[in-house]
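> next come a sequence and a model predicted from it.
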There are 2 protein chains.
Amino acid sequence: MPRNGDEARRRLQQAALELFAEQGFDQTPVEAIAARAGVTERTFYRHFADKREMLFDGEGELRDQLVQALAAVPDGTKPMPALLAAFHQTVPLFESNRPFTEPGARLIARTPALQERSLAKQALLVRALTAALQDRGVNARTALLCAQAAMGTFAIATHRWMDDPSVTLHNHLDQAFRELRLATAALK
Amino acid sequence: MPRNGDEARRRLQQAALELFAEQGFDQTPVEAIAARAGVTERTFYRHFADKREMLFDGEGELRDQLVQALAAVPDGTKPMPALLAAFHQTVPLFESNRPFTEPGARLIARTPALQERSLAKQALLVRALTAALQDRGVNARTALLCAQAAMGTFAIATHRWMDDPSVTLHNHLDQAFRELRLATAALK
């Protein structure tokens, strides 16, 4: 038996990833995940609301880090550069979670129900970033427009990094935001 | 009884909007919608997969129009201006659907399950636009980045137009894309 809650949590995540890969997400009951992790179903539900939530475990921490990082960006920084600076601050979190999030991302990409949840989580992040920009004095309309464009570009950068870890996430971020600037510069 | 399929469809949509407003989306069974529209449940299911789908009825037509409009943009037009031009082509569709989509949008905004579906539909549009850009010779990475940023900005413009119809959707579109260009120009 795991010695503490954190270890149980990690074992449950590992067991879930193995089982999802072996027999598919839909075909894996919570009971089987708990059994492979050597814990009870009750322990599973102490850590996760359901098996979908296991794959989005880092989202709350990511949101908190982003909001804090955005608040810490020097006053007077414009919204898009401020958002990019905040995303750079979350790179260590992505790097340490990669062993879990990389197989998770592949699973999400091929499971429609998980894609819907992923999009909903992304929308929550957009909302949090919009509010955080407003706290910096940005008006509501501009805040939403920037938070949404930046969040989409951030997601593209992290997906590219999942596909190609030979380039750092920092570099993928700078590259994706540069592409966004160049593409939108063509608008008159 | 409605005289033809199109009329039954419109009556079902009207009945659904009334009932959703009166008693809530979750509390309205398909049976009640069919009854108010004066048709059988079987007729309902001939027109709609479920009651959620009723609110996204125009999505297939919108996707087709966008893809065709994008293909018709003059060769050599860069991705973001090409996307904006395609969005302008769909304004008549939005204008004619407004009596149904405006209450629908309010309902979606306050119903989490509908928001998830709405985000999934938007993701499908991003995918269709990405493919349509690739057909124009744009590389896959740039196509996805542009389609996503443009789709998000398009959604913002249509929401602003729902809130403020005193300005045309054409003007909301131009304004939102101008804001995107100005915001991203601050990136170095």
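That came through, no problem.
> how far away is A:Thr111 from chain B?
In this structure, A:Thr111 and chain B are 12 Å apart, going by Cβ to the nearest Cβ, to the nearest Å. For the C-beta atoms, the positions are set from N, CA and C on the backbone; glycine is no exception.
> can you list contacts of stretch A:165-180?
With contacts defined as Cβ atoms under 8 Å, 6 or more residues apart in numbering or on different chains, stretch A:165-180 is touched by A:80, A:84, A:87-88, A:91, A:94-95, A:98, A:149-150, A:153-154, A:156-158, A:160-161, A:164, B:141-142, B:145, B:149, B:184, B:187.
> quick check: domain ranges of chain A?
Under the assignment named as automatic domain parsing, the residue ranges that make up the domains of chain A are A:5-53, A:56-185.
> mean neighbour count, those domains: which tops it?
Ranked by mean neighbour count, the domains of chain A are led by domain A:56-185 with a mean of 18 (mean count of other Cβ atoms under 10 Å in any protein chain shown).
> would CSV of the domains of chain A with distance to B:Ala120 and mean pLDDT be doable?
Converted to CSV, the domains of chain A look like this (distance: least, Cβ to Cβ, whole Å; pLDDT from 0 to 100):
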stretch, distance to B:Ala120, mean pLDDT
domain A:5-53, 14, 92
domain A:56-185, 5, 94
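> for B:Arg110, find the nearest of the ones you listed.
Closest of the domains of chain A to B:Arg110 is domain A:56-185, at 14.1 Å (criterion: Cβ to Cβ).
> could you tell me the end-to-end distance of the closest one?
For domain A:56-185, the first and last residues are 35 Å from each other (Cα to Cα, to the nearest Å).
> can you show me the strands along chain A?
Read by DSSP state E, chain A holds no strands at all.
> now the helices for it?
A:5-23, A:30-37, A:41-47, A:51-54, A:59-72, A:79-89, A:91-109, A:112-135, A:140-163, A:169-185 (DSSP state H).
> any chance of those helices in TSV, with distance to B:Arg42 too?
Shown next, in TSV, are those (distance: least, Cβ to Cβ, whole Å):
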stretch	distance to B:Arg42
helix A:5-23	37
helix A:30-37	37
helix A:41-47	40
helix A:51-54	33
helix A:59-72	42
helix A:79-89	51
helix A:91-109	37
helix A:112-135	27
helix A:140-163	41
helix A:169-185	49
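> what's near enough to touch the spatially most central residue of chain A?
In chain A, the centroid-proximal residue (Cα atoms, centre = their mean) is A:Glu59; its distance is 5.2 Å. Residues touching A:Glu59, when contacts are defined by Cβ under 8 Å, 6+ apart, comprise A:121, A:124-125.
> if you set the cut-off to 6 Å instead, what comes out?
For A:Glu59, the contacting residues are A:Lys121, by Cβ atoms under 6 Å, 6 or more residues apart in numbering or on different chains.
> distance to B:Phe177 added to the domains of chain A, as a markdown table?
As requested, the domains of chain A are arranged in a markdown table below (distance: least, Cβ to Cβ, whole Å):
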| stretch | distance to B:Phe177 |
| --- | --- |
| domain A:5-53 | 35 |
| domain A:56-185 | 8 |
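> show me what from chain A comes close to chain B.
By Cβ under 6 Å from any Cβ of the partner chain, the residues of chain A that approach chain B are A:78, A:80-81, A:116, A:119-120, A:123, A:145-146, A:148-149, A:152, A:156, A:177, A:179-181, A:183-184, A:186-187.
> contacts for stretch A:62-82?
Counting contacts by Cβ under 6 Å, 6+ apart, the residues outside stretch A:62-82 that touch it are A:85-86, A:89-90, A:93, A:125, A:128, A:132-133, A:138, A:146, B:183-184, B:186-187.
> could you redo the last one with a cut-off of 7 Å?
The set of residues that contact stretch A:62-82 without belonging to it, under Cβ atoms under 7 Å, 6 or more residues apart in numbering or on different chains, is A:83, A:85-86, A:89-90, A:93, A:125, A:128-129, A:132-133, A:135-136, A:138, A:142-143, A:146, A:150, B:183-184, B:186-187.
> likewise stretch A:108-128?
By Cβ under 7 Å, 6+ apart, stretch A:108-128 touches A:25, A:52, A:55-56, A:59, A:63, A:66-67, A:107, A:147-148, A:151, A:155, B:115-116, B:119-120, B:123.
> and that stretch, how far out from the chain's middle?
Taking Cα atoms, centre = their mean, to the nearest Å, the mean C-alpha location of stretch A:108-128 is offset from the chain mean by 9 Å.
> just the CA atoms of it, as PDB, please.
Listed next in PDB are the C-alpha coordinates belonging to stretch A:108-128 (Å, rounded to 0.1, in the frame of the first residue of the first chain):
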ATOM      1  CA  ILE A 108      -7.100  13.500 -25.300                       C
ATOM      2  CA  ALA A 109      -6.400  14.000 -29.000                       C
ATOM      3  CA  ARG A 110      -8.100  10.700 -29.900                       C
ATOM      4  CA  THR A 111     -11.000  10.700 -27.400                       C
ATOM      5  CA  PRO A 112     -13.900  13.200 -28.300                       C
ATOM      6  CA  ALA A 113     -15.300  13.300 -24.700                       C
ATOM      7  CA  LEU A 114     -11.800  14.300 -23.400                       C
ATOM      8  CA  GLN A 115     -11.400  16.900 -26.200                       C
ATOM      9  CA  GLU A 116     -14.600  18.500 -25.000                       C
ATOM     10  CA  ARG A 117     -13.400  18.600 -21.500                       C
ATOM     11  CA  SER A 118     -10.000  19.900 -22.600                       C
ATOM     12  CA  LEU A 119     -11.700  22.800 -24.500                       C
ATOM     13  CA  ALA A 120     -13.800  23.600 -21.500                       C
ATOM     14  CA  LYS A 121     -10.700  23.700 -19.300                       C
ATOM     15  CA  GLN A 122      -9.000  26.000 -21.800                       C
ATOM     16  CA  ALA A 123     -12.100  28.300 -21.700                       C
ATOM     17  CA  LEU A 124     -11.800  28.500 -17.900                       C
ATOM     18  CA  LEU A 125      -8.100  29.500 -18.300                       C
ATOM     19  CA  VAL A 126      -9.200  32.200 -20.800                       C
ATOM     20  CA  ARG A 127     -11.700  33.500 -18.300                       C
ATOM     21  CA  ALA A 128      -9.100  33.600 -15.500                       C
END
